[in-house]
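> got a structure for you, letters missing:
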Ligand code: ADP
Ligand code: MG
């Protein structure tokens, strides 16, 4: 075929395909237009997963009658005027593509009126062409109705999922905008059923309550952090409220809902060591920074962004969340005076009130209170008393945490304490292990192991890290080589090795400890960064507060 310029109809469908991927993308563009128009009430309605119908009504500025048809032209926008504006975008829309794109793949009706007009205007478009035009009155605002999406685009229709799935995407989308704009009253009706409703009173926790439930909303921790470059705010879950997927992570940058691997990583890093493998936090994070610090013009759907100063943004978001996590209720309880005898316990924020008596203290704090060892239970748990009740400490998990922190610190400083073996141990390696050993010679030495060839596939281990003194030498060498073998994988392999070494090096359950050993263990645990969880995220201790004891014994009700 000779080269020729594509017909307009083809071009507009190609472009529309980028903006409108599925019903939820239509909802997104229309909601963004309503928000840009300053609406404080937005009602969304969808039928048949949004394929049959999507309607978005707002009480925003409306579109003046003379401009209405222009709004359906490609690259027609009232939001930016020149190149300079593109550098500092403050509206959600700016490309002038949404309305023409939607009209290219569906039938559209629009009905709008501004405050200065006596009558509103109504347009009906089919295949992008106006088929009806009327003048009718309505209250200020705009209603856009999109019928039979992709009717003229069968290729795309084929890729849509069931109406239920598409409907759930629409619901998720509306929830995200409700989270981003708590001061806007949102409602969503799916197939005539009210599925979401926010009050628009500006309280983020209330929106979270509407979407995720009130119990969860009450327990969310507040994030508040200001830096020269950016502000970070929002709500995050305490580690005890984790979810098994990332659908509960919402990021808004200058109030734009974005997907950002950078922000996801920053958040998950802040929770590192607090959640078990495969668990993810719930978070609603708002970031505001000067518009020039941001590029939103990356993809027509505008859900991707690029920060000019990625490192700074990453560090600040991580920090903001870490600070919020450290400021958990259990930490604040310590600051509140209480007296067991008078039974007058003042609770700062007793999130534990509705919970069973034995609550696992998964709440992270940067410190542990002073603990007094009372004894050992089942040769496995240390029983200790603190200023606020009883602590049961898992000796293995606690020691794992201590070793893990020390191993990581020694590696980071490249100062691994090595212990020579009085009696070198010989080990037979598999061909694969041998390859790993050869390939990672320097690392192995850096990690504090001295392993030398001894003919055939035999090797002698002459030294191991001093921290591993209790461990089975053959076992930990295997752990090390295993970890190094999967070094290419994207997971943080160093951390994995450190975790396994800590696990193998730690005191086992069932081992009797002297009082002196238990005291030492707790002392060392106090010095770790996250004394309340082991490196895998399991709790190191169970805390039964004085309040809970009093309740259990019926001293208070
Ligand atoms: P963009 O949002 O990128 O400007 P759109 O195609 O989404 O492009 O919309 C084109 C124009 O139509 C907008 O710039 C705006 O002026 C007007 N518009 C669209 N929807 C609304 C609305 N709900 N209320 C007021 N004006 C609107
Ligand atoms: Mg728009």
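Structure received. Please read all numbers here as calculations on a predicted model, not as lab measurements. Numbers count the residues shown, from 1 in each chain. Ligands and ions are numbered 1, 2, ... in the order given.
> tell me the contacts of residue 68?
Residues in contact with residue 68 (Cβ atoms under 8 Å, 6 or more residues apart in numbering) are 110, 112, 121, 123. Placement of C-beta: from N, CA and C, glycine included.
> the residue of the stretch 201-350 of the chain found nearest ligand 2 and residue 259, how far apart?
Proximity of the stretch 201-350 of the chain to ligand 2 (Cβ to the ion) peaks at residue 302, 8.8 Å away. Distance from residue 302 to residue 259, counting by Cβ to Cβ, to the nearest Å: 11 Å.
> more neighbours: those two, which one.
Set side by side, residue 302 and residue 259 show more neighbours around residue 302, with 23 against 13, by other Cβ atoms under 10 Å.
> for the stretch 201-350 of the chain, what are the low-confidence residue spans?
328-350 (pLDDT under 70).
> ok, now with 50
Residues of the stretch 201-350 of the chain meeting the criterion pLDDT under 50: 330-350.
> just the element for residue 264, please.
Taking DSSP states H and E as the definition, residue 264 sits inside helix 261-270.
> following that helix, which helix or strand comes up?
Per DSSP H and E, the helix or strand that comes after helix 261-270 is strand 283-288.
> other SSEs contacting the helix or strand following that following strand?
Downstream of strand 283-288, the first helix or strand assigned by DSSP H and E is strand 294-295. The helices and strands touching strand 294-295, judged by 3 or more Cβ pairs under 8 Å, 6 or more residues apart in numbering; DSSP states H and E, are strand 306-307.
> what are the contacting residues of the strand it packs on?
In contact with strand 306-307 (Cβ under 8 Å, 6+ apart) are residues 262, 289, 293, 294, 295, 298, 313.
> host element of the residue of the stretch 201-350 of the chain at minimum distance from ligand 1?
Closest residue of the stretch 201-350 of the chain to ligand 1, Cβ to the nearest ligand atom: residue 302 (8.7 Å). Using DSSP H and E, no element contains residue 302; it sits outside every helix and strand.
> residues in contact with the residue nearest in space to the middle of the chain?
Using Cα atoms, centre = their mean, the residue of the chain that lies closest to the mean C-alpha position is residue 249, 3.5 Å off. By Cβ under 8 Å, 6+ apart, residue 249 lies in contact with 264, 267, 280, 281, 282, 283, 285.
> neighbour-wise, which one of those leads?
When neighbours are counted by other Cβ under 10 Å, residue 283 leads those with 26 neighbours.
> from residue 247, how far out is that residue?
Per Cβ to Cβ, residue 283 is found 11 Å from residue 247.
> re earlier: in space, what's closest to the residue of the stretch 201-350 of the chain closest to ligand 1 - neighbours in sequence excluded?
Closest residue in space to residue 302, ignoring its immediate chain neighbours: residue 296 at 5.7 Å, by Cβ to Cβ, 6 or more residues apart in numbering.
> doesn't residue 88 make contact with that neighbour?
No: counting by Cβ atoms under 8 Å, residue 296 does not reach residue 88; the two are 10.5 Å apart.
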